[in-house]
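Novice: fold the following for me, if possible:
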Amino acid sequence: RSIEINYLDIKKPTKRFHKVKLTKDPRRTLTTIRRTIRKQHYRKDLKMAALRRASALLRGQRL
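Specialist: The predicted structure follows:
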């Protein structure tokens, strides 16, 4: 049970994209996604959509 997020590392263009598996509890997972969105200057109008999508994935994995 995990979610993978991709984030950019602008300082190293050759290794620009990183995948991170988030395997902690749902609250920490959503907090990490929120922090990553804020740090990467993600579009503000898409922030809640990303969190809802992650929440739906976590809800589906709970079964």
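
Novice: name the single longest helix found in this protein.
Specialist: helix 47-62 (DSSP state H).

Novice: what lies in contact with that one?
Specialist: 1, 3, 26, 29-30, 33-34, 37, 42 (CB atoms under 8 Å, 6 or more residues apart in numbering). Quick note: C-beta positions are derived from backbone N, CA and C, even for glycine.

Novice: looking at the residues you listed, which are in helices?
Specialist: Going by DSSP H, the helices hold 26, 29-30, 33-34, 37 from the contacts of helix 47-62.

Novice: buried only: go through the residues you listed for me.
Specialist: Buried by 16 or more other CB atoms under 10 Å: 26, 29-30, 33, 37, out of the ones in helices among the contacts of helix 47-62.

Novice: how about the residues you listed in TSV, adding distance to Arg62?
Specialist: Output for those, formatted as TSV (distance: CB to CB, whole Å):
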residue	distance to Arg62
Pro26	8
Thr29	12
Leu30	14
Ile33	17
Ile37	23
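
Novice: widest-spaced pair of these?
Specialist: Using CB to CB, these reach their maximum pairwise distance at Pro26 and Ile37, which is 16.3 Å.

Novice: flag the shaky bits of the chain, pLDDT-wise.
Specialist: For the chain, applying pLDDT under 70 flags the ranges 1, 9-10, 12-16, 63.

Novice: give me the most central residue, it.
Specialist: Ile33 (3.7 Å; CA atoms, centre = their mean).

Novice: does that residue really touch Ile5, like I thought?
Specialist: Yes. Counting by CB atoms under 8 Å, Ile33 touches Ile5, with 6.3 Å between them.

Novice: what residues are shared contacts of these two?
Specialist: Leu22.

Novice: doesn't Tyr5 lie inside a strand?
Specialist: For residue 5 the amino acid is Ile, not Tyr. Yes. Checked against DSSP: H, G, I helix; E, B strand; the rest coil, Ile5 lies within a strand.
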